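>>> Structure, please.
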Amino acid sequence: MTSRLASFGSRLPRENGGNRCAALRALAIGVAILSLAGVANAEVLEAELRRDVRYLASDELAGRFTGSAGHWKAAQYIADRFQRLGLSAVGGDGYLQHFGFPQSVAMGDSTCLTWGDASWSQPSDVLPLGHSAAGGAEGEIVFVGYGADTLNSEKGSHEADLTGRIALVLSGAPDEPSGRATGGTGTTSRAKVAEAANQGAAAVILVRTNKDGPDDVPLPFDPTSRGGSIPAVALSRSAALECLGAEWESVFAEDPDAIAQRLGKTVGHGTIHADLREIRTETANVAGLLRGSDPDLMWEYVVVGAHYDHIGIARDGRVNNGADDNASGVSGLLALAQEFAARRDRPRRSILFIAFSGEELGLLGSRHYVANPLVPLIGTRAMINLDMVGRLRNNTVMVLGADSGSGMADLVEHAALERGIDVTFGGRAPAGSDHVPFLGSSIPSVFMFTGTHPQYHTPDDDWQLLNYVGMSQVLNMTADLLEALANADSVPTWVPPPQRGFLGVVPTQSRAVGFTIASVVAGSAAAKAGLVAGDVIKEFNGKPVENAAALIRALSRLSAGAEVSLVVERGEERYQCTATLGPAP
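Numbering: from 1, shown residues only. Modelled structure (predicted):
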């Protein structure tokens, strides 16, 4: 499972009796209350889950890194099981849906940078970034601080149009010990390049700050990166100072005022050439189809997915076995396939069981599937994603994406109620697991998840730590949901996501506490609430606003139409007002 930043919503506890339970039971849509492997065989199910997880998370598979020998062993294990269960092979090569991907990049020897009258070449002063695109770019060079405005907010926004220009970016972020070590949002060099590309930049020059390494050398080349969309190079500080002047030493020392004074400034004209060669390898999704029984509905599909790849060998040589992430989901996928394939009465709709590859590298398998579907997307009615379902705690399963389908949350809650599990509902995660590409194709999708833990993405995520009794509970709940989706006369229909809320204020470069408004967008919620340039927002929905970043984060969680309360300072006066957020432009 890739890193998740999901914010879960309200916890829905079980209720005993009353109209609520009756209403939920009415949503059963004729669903039989089942138990995988039979009620009398609960111990058998747990043993089968343990057996599958123990193999998939064994040292023999060496962490199942995408494209590795261990990954192919896992693929064959899943394909063999699908075959034994009698699922139809729809992958193109039996049960396998092959596709290629850029596994890494190799550095050539002709990367170079020209800045005004000066020029540099590798390796002493300039190196390509591993997440650079190969090729060249030319344009004005614009200083954008740390890159994303969410990082610059205490220093002000760079407010520059980067279209067709080269972004000069500092490594790391404010108050972090090392730009290389951090994993915070927007702070990695990969995130900075992506942010610049999103803003239309033609290329990126990254310069390490003083705290990001005592030596004056470019950021080291990372061959495990897999390229990007625009050319990007790392330049040594001494080379940068040669063009910028000694007064920029305070910028690389991360003096806030020095950074703020230069944000958005054009600092010259440059030409970049990044010499990189992409190294591609092959992987495969593993898919098996259980054809439905209804002559009319058999051409409609429910997809059940789980990724089988993981992150391979740790730097210390230990194996990242990935028991919870995501041998647990794959074992659940196999258990569900076995349960539904063994039934005398097959479901009315067809079910595609698919194990995705490359999730840890950016949802590669699910993105490839959605672009090259094995069954028509137009006939795909719903998707269930199992990712990290092996650590049930406090009897609570987390379900993301239920708001993507009309009535889906009720179906989930009913299944959980019947299985005695509490549910925490979350919204549609912007990234993180294989349901996301299906959401992007307007397919109602839910993501079953029992939560993260200290062993996540470490060699300590081993099979002995999983809660197999809890896994069986989650899978029986999922089976009830799957049966409802596969057998109902009608299924949840797509519900578009709500638009993000927009207040319409632009911050100044002030370092004072609060959000000091530089300008107000005409016709925006802020304008309608009477806010003007110079006002300082001190509180937002009852909480203090420490700086612009705090307000930006708070707004990012709200949708258009939300009513918010503000405490505003105007000169010597402080007053309270409300605003109804509009849609983001």
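>>> Near residue 378, how many other residues are there?
Under the neighbour criterion other Cβ atoms under 10 Å, residue 378 is assigned a count of 10. (Glycine included, C-beta is placed from N, CA and C.)
>>> my bad, residue 80
Neighbourhood size, residue 80 [other Cβ under 10 Å]: 12.
>>> After the helix or strand harbouring it, which helix or strand is next?
Counting by DSSP states H and E, the element that carries residue 80 is helix 69-85. Counting by DSSP H and E, the element after helix 69-85 in chain order, helix or strand, is strand 88-89.
>>> Sheet partners, orientation included, of that next one?
Sheet pairing for strand 88-89, assigned by DSSP bridges, gives strand 276-290 (antiparallel).
>>> angle of the next helix-or-strand element following the strand it pairs with against helix 69-85?
Next along the chain after strand 276-290, taking DSSP H and E as the criterion, comes strand 301-307. Strand 301-307 runs at 150 degrees relative to helix 69-85, counting by axes from the mean of the first three to the mean of the last three Cα atoms, to 10 degrees.
>>> Which elements pack onto the helix or strand just after strand 301-307?
For strand 301-307, the following helix or strand on the C-terminal side (DSSP H and E) is helix 328-341. With contacts taken as 3 or more Cβ pairs under 8 Å, 6 or more residues apart in numbering; DSSP states H and E, helix 328-341 sits against helix 42-56, helix 69-85, strand 276-290, strand 301-307, strand 350-356, strand 380-386, helix 468-487.
>>> Buried residues in helix 328-341, which are they?
Using 16 or more other Cβ atoms under 10 Å as the test for burial, helix 328-341 gives 328-341.
>>> same question, stretch 308-327
Neighbour-count burial for stretch 308-327, with 16+ other Cβ under 10 Å as criterion, is recorded at 308-312, 319-327.
>>> can you give me the helices in the stretch 51-200 of the chain?
In the stretch 51-200 of the chain, the helices defined using DSSP state H, counting those that start in this stretch lie at 69-85, 149-152, 189-198.
>>> hmm, back to that, closest to residue 105 out of the helices and strands packed on helix 328-341?
Minimum separation from residue 105 across these (Cβ to Cβ) falls at strand 276-290, 4.9 Å.
>>> Give me the buried positions along that closest one.
Neighbour-count burial for strand 276-290 flags 276, 283-290 (criterion: 16+ other Cβ under 10 Å).
>>> before we move on, what about stretch 100-110?
Buried residues in stretch 100-110, defined by neighbour count with 16+ other Cβ under 10 Å: 101, 103-105, 107.
>>> Beta-bridge partners for residue 303, please?
Counting by DSSP bridges, residue 303 is bridged to residue 352, residue 383.
>>> separation between it and residue 84?
To residue 84, residue 303 is 21 Å away according to Cβ to Cβ, to the nearest Å.
>>> The two: who's more crowded?
Counted by other Cβ under 10 Å, residue 303 and residue 84 do not tie: residue 303 has more neighbours, with 27 against 10.
>>> wouldn't that one be in contact with residue 438 here?
Yes. At 7.1 Å, residue 303 counts as touching residue 438 under the criterion of Cβ atoms under 8 Å.
>>> all helices of the stretch 401-550 of the chain, in order?
Going by DSSP H, counting those that start in this stretch, the stretch 401-550 of the chain shows helices at 408-419, 436-440, 468-487, 525-528, 548-556.
>>> still on that earlier bit, among the buried residues of stretch 100-110, which one sits closest to residue 67?
Nearest to residue 67 among the buried residues of stretch 100-110 is residue 103, at 5.6 Å by Cβ to Cβ.
>>> Can you give me every residue that contacts the closest one?
Contacts for residue 103 (Cβ atoms under 8 Å, 6 or more residues apart in numbering) come out as 66-67, 226, 279-281.
>>> Least confident of these?
The lowest pLDDT within the contacts of residue 103 belongs to residue 226, with 62.
>>> Now do the strands in the stretch 151-300 of the chain.
For the stretch 151-300 of the chain, applying DSSP state E, counting those that start in this stretch gives strands covering 166-170, 203-207, 232-235, 266-274, 276-290.
>>> Tabulate those strands (TSV), appending distance to residue 399.
TSV is the format used below for the strands of the stretch 151-300 of the chain (distance: least, Cβ to Cβ, whole Å):
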stretch	distance to residue 399
strand 166-170	38
strand 203-207	38
strand 232-235	38
strand 266-274	43
strand 276-290	23
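>>> what's the closest of these to residue 362?
The nearest among these, by Cβ to Cβ, is strand 276-290 at 12.4 Å.
>>> Let's test this: name the helix or strand in this structure with the lowest mean pLDDT.
Within the chain, confidence by mean pLDDT, DSSP states H and E is lowest for strand 8-12 among all helices and strands, at a mean of 33.
>>> Please report phi then psi for the closest residue to residue 461 other than its chain neighbours.
The shortest distance from residue 461 to any non-neighbouring residue, by Cβ to Cβ, 6 or more residues apart in numbering, is to residue 455 (4.3 Å). Note on residue 455: its backbone torsions stand at phi -80, psi 0 [degrees, to the nearest 10].
>>> List the residues that contact residue 455.
Going by Cβ under 8 Å, 6+ apart, residue 455 touches 324, 461-462, 465.
>>> out of the buried residues of stretch 308-327, who's nearest residue 351?
Checking the buried residues of stretch 308-327 one by one against residue 351 (Cβ to Cβ), the nearest turns out to be residue 308, at 18.0 Å.
>>> how near is residue 561 to residue 523?
Counting by Cβ to Cβ, the gap from residue 561 to residue 523 is 16 Å.
>>> sorry, that was for residue 44
Going from residue 44 to residue 523 by Cβ to Cβ gives 64 Å.
>>> Need the residues touching each of residue 303 and residue 438.
With contacts defined as Cβ under 8 Å, 6+ apart, the residues shared by residue 303 and residue 438 are 380, 383.
>>> Could you give the number of residues near residue 502?
The number of residues packed near residue 502 is 18, by other Cβ under 10 Å.
>>> How about residue 467?
Using other Cβ under 10 Å, residue 467 has 18 neighbouring residues.
>>> Contacts only, for residue 320.
Residues in contact with residue 320, defined by Cβ under 8 Å, 6+ apart, are 63, 310-314, 457-459, 461.
>>> Dump the residues you listed into JSON lines; add pLDDT and distance to residue 295 as well.
Formatted as JSON lines, the contacts of residue 320 follow (pLDDT from 0 to 100; distance: Cβ to Cβ, whole Å):
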{"residue": "63", "pLDDT": "97", "distance to residue 295": "45"}
{"residue": "310", "pLDDT": "96", "distance to residue 295": "41"}
{"residue": "311", "pLDDT": "93", "distance to residue 295": "45"}
{"residue": "312", "pLDDT": "95", "distance to residue 295": "46"}
{"residue": "313", "pLDDT": "94", "distance to residue 295": "50"}
{"residue": "314", "pLDDT": "92", "distance to residue 295": "52"}
{"residue": "457", "pLDDT": "92", "distance to residue 295": "46"}
{"residue": "458", "pLDDT": "94", "distance to residue 295": "50"}
{"residue": "459", "pLDDT": "96", "distance to residue 295": "51"}
{"residue": "461", "pLDDT": "96", "distance to residue 295": "45"}
